[in-house]
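# Predicted model and sequence below, questions to follow.
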Amino acid sequence: MISNTAIKHLIDKLGAANVASEKEDLLVLGYDSTPGIHYLPEVAVFPTSSEGVLAAMELAGNEGLPIVPRGSGTGLSGGSVPVQGGMIICLNRMNRILEIDEENLTVTAQAGVVTLDLFNAVAEKGLFYPPDPGSQKISTLGGNIMEDAGGLRGLKYGVTRDYVMALKGILPDGSLLTTGGKSVKDVAGYALKDLLVGSEGTLGIITEATFKLIPPPQAKRTLLAYFKDTRTAGAAVSNIIAAKIIPSTMEIMDRATINCVEDYVKIGLPREMAALLLIEVDGHPAAVLEEADAVRVVLERVGAAHIEEAADADHANQLAAARRTALSALARVSPTTLLEDATVPRSRLAETFDEIERLAEKFKLKVGTFGHAGDGNLHPTVLCDERNQDEMERAHAFYHELYEKVLAWGGTVSGEHGIGLAKIDYLERQIGAGGVNVMRRIKQAFDPGGLLNPGKIFRDTTEGPRG
Ligand SMILES: Cc1cc2nc3c(=O)[nH]c(=O)nc-3n(C[C@H](O)[C@H](O)[C@H](O)COP(=O)(O)OP(=O)(O)OC[C@H]3O[C@@H](n4cnc5c(N)ncnc54)[C@H](O)[C@@H]3O)c2cc1C
């Protein structure tokens with residue numbers, strides 16, 4: 001256990017209000033948003049400056065305490081859960097937007113800024129920060145960078161990685177790292193910035209980041225298409241892409257999700273439909289008009305049961321907001337929601353829906369599927385109860401078989417939620433022992449003592465809470 005002297009040192013350095021060591025304060029920090037994973041930290045700190053982060057890391061290094069960085073804990077793979085106990089460094093009090101640079105079209109912010117706050121701040125200046133994870137009202141930029149978060153606009157605008165221009169952080173040995181800058185081109189040495197993005201808090205702690213901004217689209221049109229079977233909805237997505245149209249958003253919800261969302265938000269979604277696609281096209285007004293018409297033509301050709309267009313901007317926002325509630329809406333109907341992140345080449349979407357339905361039937365499970373269909377990224381979610389051992393075994397068998405197909409089709413075990421703890425067993429199936437070994441060697445180079453977020457991405461031989 002951490003000594004009282006060490007806690008006193010932390011209080012001296014960070015202030016009593018920024019240190020928690022009582023069990024009742026620590027309990028909640030032992031979870032993220034992944035069901036069934038909980039470990040108790042020994043202490044948690046909430047630094048308000050990078051000096052505070054450094055002081056906490058130095059203390060942890062001296063005491064041999066594992067360090068787990070944390071943003072808002074909305075992660076869906078157990079990334080910020082302290083599997084070996086130790087110290088949580090929670091970045092969410094480092095929440096200042098430092099500079100909006102209108103000449104270079106960049107924004108620089110501390111790692112604990114909430115994603116939507118950044119979006120709103122740059123929007124006030126007439127600029128656009130596209131990455132919009134469903135959790136954007138809560139998630140932090142640090143968490144987004146470390147998971148390379150995607151979002152509803154990912155299809156056209158890409159993911160967090162595509163906007164990160166520079167990072168400032170602290171490495172496990174206490175050294176400060178600055179990588180990247182405001183120059184749009186930079187090939188000086190290894191691409192450390194790109195290595196850090198998506199590294200799930202295992203290589204360094206990010207304290208500050210600079211992001212690229214773009215001009216906002218001038219116009220947007222929102223279409224809703226309903227389908228009598230999920231296969232046709234999947235085929236519609238690949239047909240729209242094959243028609244060389246790239247909507248900004250192409251999101252899917254199946255019948256179970258439509259019903260849970262409708263119960264939750266009550267906006268009149270048709271409960272009898274097997275699937276819906278929420279499609280947004282944006283850009284220059286003339287192009288938007290043309291693209292929306294072209295999307296409609298493809299939808300009619302593949303056999304959508306009904307197509308409608310959002311009446312106005314408020315209606316469009318209401319539909320996007322409804323889609324963002326999908327996970328919370330599903331979570332209301334069962335004690336446990338096991339959510340996966342299967343991602344396939346878009347041409348395989350229709351088959352993936354068939355496979356999900358076949359396996360749900362085979363394993364007698366209730367499954368709701370939603371996701372970023374335009375990215376081939378689906379979240380098949382098993383609605384279950386972790387107290388029911390048999391049901392949990394069936395749920396794991398469901399995912400095991402599903403991933404066999406997903407990998408055989410050239411897909412990935414995680415499109416955006418990361419490996420963390422939850423998917424450790426899947427990673428080697430995808431990239432092989434050789435790939436995992438290279439990753440271990442990179443981890444070793446950044447963190448020879450193995451103190452930073454241990455036990456994540458790949459198994460750690462010293463795994464297990466400290467005594
Ligand atoms: C309802 C809901 C909807 C979601 N929708 C999406 C979605 O559309 N797209 C998507 O990609 N994800 C989605 N997620 C998952 C999650 O919101 C994202 O992974 C998000 O990026 C996590 O941010 P966070 O601040 O909560 O990070 P946390 O969960 O606190 O941490 C995530 C990881 O980052 C590390 N970390 C956090 N901050 C730092 C830092 N400053 N330095 C170093 N490491 C750090 C942690 O150690 C951990 O490994 C959703 C989650 C929920 C609950």
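Arrived safely.
# Point out where this structure drops to low pLDDT.
For the chain, applying pLDDT under 70 flags the ranges 461-467.
# can you give me the helices in the stretch 1-150 of the chain?
With DSSP state H, counting those that start in this stretch as the criterion, the stretch 1-150 of the chain has helices at 4-14, 23-26, 50-63, 115-123, 141-147.
# So which other helices or strands are in contact with the longest one?
Helix 50-63 is packed against helix 4-14, strand 67-70, strand 87-90, strand 164-170, strand 205-212, with contacts defined by 3 or more CB pairs under 8 Å, 6 or more residues apart in numbering; DSSP states H and E. For every residue, glycine as well, the C-beta is placed using N, CA and C.
# Show me which residues of the stretch 51-200 of the chain are close to the ligand?
68-76, 79-80, 91, 111, 133-135, 139-140, 142-144, 146-147, 149-151, 200 (CB under 6 Å from any ligand atom).
# Can you give me the neighbour number for Thr108?
Burial measure for Thr108: 18 neighbouring residues, criterion other CB atoms under 10 Å.
# So it sits against Glu99, correct?
Yes: here Thr108 reaches Glu99: they are 4.6 Å apart, a contact under CB atoms under 8 Å.
# helix or strand for Ala316, which one?
Per DSSP states H and E, Ala316 falls inside helix 313-324.
# hang on, I meant Ala422
Judged by DSSP H and E, Ala422 forms part of no helix or strand.
# Help me confirm that it comes into contact with Val83.
No: applying CB under 8 Å as the test, Ala422 and Val83 come out as separate, 11.2 Å apart.
# Show me which of the two is the more surrounded one.
With neighbours defined as other CB under 10 Å, Ala422 and Val83 compare such that Ala422 has more, 26 against 22.
# Just give the number of residues close to the residue lying closest to that one once chain neighbours are set aside.
In space, Ala422 comes closest to Ser77 once its chain neighbours are excluded; the distance is 4.4 Å by CB to CB, 6 or more residues apart in numbering. Look at Ser77: counted by other CB under 10 Å, it has 26 neighbours.
# so what's Ser77 up against?
Contact analysis of Ser77 by CB atoms under 8 Å, 6 or more residues apart in numbering lists 34, 147, 200, 341, 414, 417-423.
# and those as CSV, adding distance to Ala121?
Shown next, in CSV, are those (distance: CB to CB, whole Å):
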residue, distance to Ala121
Thr34, 30
Glu147, 22
Glu200, 27
Asp341, 29
Ser414, 30
His417, 26
Gly418, 26
Ile419, 32
Gly420, 29
Leu421, 33
Ala422, 33
Lys423, 33
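# which one of those sits closest to Asp162?
For the contacts of Ser77, the closest approach to Asp162 (CB to CB) belongs to Glu147, at 14.2 Å.
# Would you agree that closest one is in contact with Gly415?
No: using CB under 8 Å as the test, Glu147 is too far from Gly415 to be in contact (10.7 Å).
# Who has more neighbours out of those two?
Per other CB under 10 Å, whichever of Glu147 and Gly415 has more neighbours is Glu147, with 30 against 23.
# What is the burial count for the closest residue to that one other than its chain neighbours?
Using CB to CB, 6+ apart and skipping the chain neighbours, the partner closest in space to Glu147 is Gly418 (4.7 Å). The local packing of Gly418 (other CB under 10 Å) involves 26 other residues.
# Now do the helices in the stretch 201-350 of the chain.
Under DSSP H, counting those that start in this stretch, the stretch 201-350 of the chain gives helices at 230-242, 255-265, 285-302, 313-324, 326-331, 349-362.
# among those, which is nearest the ligand?
helix 326-331 (4.2 Å; CB to the nearest ligand atom).
# Which one of the contacts of Ser77 sits in the busiest neighbourhood?
Looking at the contacts of Ser77 with neighbours defined as other CB under 10 Å, the largest count falls to Glu147 at 30 neighbours.
# Report the contact partners of Ala60.
Ala60 neighbours (CB under 8 Å, 6+ apart): 66-67, 86-87, 451.
# For the closest residue to Ile138 other than its chain neighbours, list the residues it contacts.
In space, and not counting its chain neighbours, Ile138 is closest to Ser72: 4.8 Å by CB to CB, 6+ apart. Counting by CB under 8 Å, 6+ apart, Ser72 makes contact with 92, 114, 135, 138-140, 143.
# Of those residues, which is the nearest to the ligand?
Gly143 (2.1 Å).
# What's the separation between that closest one and Gly151?
Look at Gly143 and Gly151: by CB to CB, to the nearest Å, they are 13 Å apart.
# what's the answer for Lys193, then?
Taking CB to CB, one finds Lys193 at 20 Å from Gly151.
# Give me the more crowded residue out of these two.
A direct count of neighbours by other CB under 10 Å for Lys193 and Gly151 places Gly151 higher, at 25 against 21.
# Val81 and Ile37 touch, don't they?
Yes: the pair Val81 / Ile37 is scored as a contact, 5.2 Å apart, by CB under 8 Å.
# Now the common contact residues for these two.
In contact with both Val81 and Ile37: 31, 421, using CB under 8 Å, 6+ apart.
# So the two - more neighbours on which side?
Shown here are Val81 and Ile37; by other CB under 10 Å, Val81 has more neighbours (27 against 17).
# Look up how far Ala422 lies from that one.
9 Å.
# and for these two, which residues touch both?
In contact with both Val81 and Ala422: 34, 37, using CB under 8 Å, 6+ apart.
# sorry, back to before: just flag the most distant two among the contacts of Ala60.
Going by CB to CB, the two entries of the contacts of Ala60 that are most distant from one another are Met87 and Leu451, at 9.3 Å.
# if we can go back for a sec, give me the phi and psi angles of the residue nearest to Ala422.
In terms of degrees, to the nearest 10, the main-chain angles of Ser77 are phi -140, psi 10.
# Does whichever helix in the chain runs longest reach the ligand?
Among all segments of the chain classified by DSSP state H, the helix with the greatest residue count is helix 424-446. No: judged by CB under 6 Å from any ligand atom, helix 424-446 and the ligand are separated, with a smallest distance of 11.7 Å.
# if we can go back for a sec, and the residue nearest to Ala422, how far is that from Val45?
As for Ser77, its distance to Val45 is 23 Å (criterion: CB to CB).
# Kindly report the same for Gln84.
17 Å.
# Name all residues that make contact with Ser439.
Quick fix: residue 439 reads Met, not Ser. 457-458.
# And the residue of the stretch 301-450 of the chain that's closest to the ligand?
Glu416 (3.4 Å).
# Let me know how buried that residue is, in neighbour terms.
If you count neighbours by other CB under 10 Å, Glu416 ends up with 25.
# Could you pull up the contacting residues of the nearest residue to it once chain neighbours are set aside?
Of all residues beyond its chain neighbours, the one nearest Glu416 is Gly150 (4.1 Å), with distances taken as CB to CB, 6+ apart. Going by CB under 8 Å, 6+ apart, Gly150 touches 131, 133, 159-160, 372, 375, 377, 415-416.
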